[in-house]
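>>> The following block contains a protein sequence and its predicted model.
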Amino acid sequence: MAVRLFEGKDHAVAYLQYRVMPQELISVVMGFMEKRTKSFHLAVDVGCGSGQGTALLAPFFTKVIGTDVSPAQLEMVPTNSSPPNVSYRQCPAEELPFESGEVDLVTAMTAAHWFDRERFLQEAYRVLRPGGCLALLSYTMDMELEYGDVSDALNDICKEFYAILFPYRNPHIGTNSVKIYTDMFDSCPYPDKEWNQCFRIKRTVTLNGFIGMVETFSNYQKFKQKDSAEAERLSSNFRDKLMSAMKASSPDAEVTMIVKYFYWLARKP
């Protein structure tokens, strides 16, 4: 069964502001495709949210369509700066509004763990043309920080933060999201497929940006729904701890954030 989250307007705004988009992984996906096909007409980004990842596909395809079940997320799409060949549709991941064999690339970026996975894989198989590709990308919550000679101290603080939020994980994704994707990879019948366990992406962010990203996660949002004031105190406490370790006077101090992506790619026979 699919799970619907990220549908509040405030959450959608924060998602657009803080989530990291994997430009480097788009290059990996396109490299996989370019070795296997000459057809780059239609790409479909499923569970596209506010379209940050969808837009990254625009230079490579004639047409790119992002789909999401959440109206709040789609309302956040920056329409004034969207590439002209990119559009969006509201629909479930398991019921894509495309003809069979019409799509060259189906991708889901940090979204497939919320889908009805068996039905989604069946739907992806239906809409992909022979030789079309499926690319599923996500990352683990244990982002790391780098800052001078206090990186270890910062990451110990981060681990405390993550540990407090861990009990609030949605049961649909269990204790380990990597296993969800390895299970999907194993169940995918395409013989031509690749799995990568860890692809590190580095971004320079402010401490506020790092805290803001953690706050977009579903377990933080669940904690916030239970006790909004306590959630705010938690964020403030860990922001102060990080600033202290860095000897920073402002939460706008910049650090290097490392996001650990994993992904799998497959070509439909």
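Looks like it arrived, so ask away.
>>> Who are the packing partners of the helix or strand hosting residue 152?
Assigned by DSSP states H and E, residue 152 falls within helix 151-165. Counting contacts by 3 or more CB pairs under 8 Å, 6 or more residues apart in numbering; DSSP states H and E, helix 151-165 is packed against strand 144-146, helix 218-226, helix 228-246. Quick note: C-beta positions are derived from backbone N, CA and C, even for glycine.
>>> Now the helix or strand that that helix is followed by: buried residues?
With elements assigned by DSSP H and E, the helix or strand that comes after helix 151-165 is helix 177-187. For helix 177-187, the neighbour count (16 or more other CB atoms under 10 Å) marks 177, 180, 181, 184, 185 as buried.
>>> Rebuild those as CSV, extending it with distance to residue 193 and pLDDT.
Shown next, in CSV, are those (distance: CB to CB, whole Å; pLDDT from 0 to 100):
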residue, distance to residue 193, pLDDT
177, 19, 88
180, 16, 94
181, 12, 96
184, 11, 96
185, 7, 98
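>>> Out of those residues, which comes closest to residue 54?
residue 181 (20.0 Å; CB to CB).
>>> where does this protein have low pLDDT?
Along the chain, the parts satisfying pLDDT under 70 run over 1-20, 79-80.
>>> about what we covered before: and for the helix holding residue 152, what's in contact with it?
The contact list for helix 151-165 (CB atoms under 8 Å, 6 or more residues apart in numbering) reads 141-147, 214, 217, 219-220, 223, 234, 238, 241-242, 245-246, 255.
>>> Now do it: distance to the chain's middle.
21 Å (CA atoms, centre = their mean, to the nearest Å).
>>> Check the gap between the closest residue to residue 226 other than its chain neighbours and residue 104 for me.
Nearest non-adjacent residue to residue 226, counting by CB to CB, 6 or more residues apart in numbering: residue 168, 7.8 Å away. For residue 168, the distance to residue 104 equals 38 Å [CB to CB, to the nearest Å].
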